[in-house]
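In: Sequence first, then the predicted structure, then my questions.
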Amino acid sequence: MKISITRLVKPLALTAATAAAVALVSCSAPAEQATTPAPVPTSSASQSAETTPSYSASARPEASSSPSASASSAAEGNDALLAAAGLAAQEMSDGTVVSIEAERDGWEVHVVTSDGGEQQLRTDPAGARVIAGPTDDRPDADDRADNKEFTQTDVDYEAAVRAIEKEIPSGQINELSLDFENRRAVWEADVSTGSAQRSVQIDATNGDVLSNRIDD
């Protein structure tokens with residue numbers, strides 16, 4: 001039987017073309033995968049990582065205020081009170097400081113003498129300079145009797161301030177004065193602490209805290 005060469009060549013040519021095409025596809029597939037860009041991550045986690053700030057220990061914001069800062073500020077104010085009282089005591093060296101009160105333009109200080117007399121003067125806000133006085137308060141007979149007893153107290157204004165600072169470390173003393181409570185000499189103080197006002201009593205014979213309460 002005779003086989004036509006033309007009929008035999010066509011299938012062979014088709015088979016060879018098909019094999020070549022398959023080989024070409026196999027070789028080009030990895031190249032296409034290699035050149036395809038990787039997708040950009042769009043997850044919420046990656047966005048959060050990009051937008052959330054981080055602080056190192058040195059860069060972390062400081063708090064605007066602290067208890068220690070408040071205590072420091074109060075101590076500076078109380079130092080001015082003490083300075084004003086000390087200046088008044090120097091101006092009237094034979095007297096006893098019995099009252100220190102904060103005023104709009106400084107401090108008003110009262111000093112009594114052993115004969116019952118009483119003088120007052122005013123200092124600047126720092127307690128460093130006398131701006132008025134001393135002037136005679138002209139006490140009456142009852143005040144003179146009290147003044148004489150005040151000069152005999154064991155706890156002076158400075159010891160009273162230290163006792164109050166120990167009781168209320170962050171307190172700013174606005175007024176401190178000697179008075180009698182049930183015939184006992186006491187230091188009475190008006191103290192600011194934060195947004196509250198407190199009233200404190202110190203025993204003028206031993207420095208004990210007798211009361212510490214919020215003012216109504």
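Out: Great, that's in hand.

In: and the helix or strand hosting residue 165, C-alpha only, in CSV?
Out: According to DSSP states H and E, residue 165 maps onto helix 157-167. Extracted in CSV, the C-alpha atoms of helix 157-167 (Å, rounded to 0.1, in the frame of the first residue of the first chain):
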residue,chain,number,x,y,z
TYR,A,157,5.8,82.6,113.6
GLU,A,158,8.6,80.7,111.9
ALA,A,159,8.0,77.5,113.9
ALA,A,160,4.2,77.9,113.2
VAL,A,161,4.9,78.1,109.5
ARG,A,162,7.1,75.0,109.5
ALA,A,163,4.4,73.1,111.5
ILE,A,164,1.8,74.1,108.9
GLU,A,165,4.0,73.1,106.0
LYS,A,166,4.5,69.7,107.6
GLU,A,167,0.8,69.3,108.0
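
In: Toward the C-terminus, what is the element adjacent to that helix?
Out: Next helix or strand after helix 157-167 toward the C-terminus (DSSP H and E): strand 172-181.

In: in that next one, what counts as buried?
Out: Neighbour-count burial for strand 172-181, with 16 or more other Cβ atoms under 10 Å as criterion, is recorded at 172, 173, 174, 175, 176, 177, 178. C-beta: built from backbone N, CA, C; applies to glycine.

In: Could you do stretch 195-212 as well?
Out: By neighbour count on 16+ other Cβ under 10 Å, the buried set for stretch 195-212 is 198, 200, 201, 202, 203, 204, 207, 212.

In: tell me the mean pLDDT for that stretch?
Out: Averaged across stretch 195-212, pLDDT comes to 93.

In: who touches that stretch?
Out: With Cβ atoms under 8 Å, 6 or more residues apart in numbering as the contact definition, stretch 195-212 has outside contacts at 153-155, 159-160, 163-164, 167-168, 171, 178, 181, 184-192, 213-215.

In: Would you work out how far apart the start and end of it are?
Out: 16 Å (Cα to Cα, to the nearest Å).
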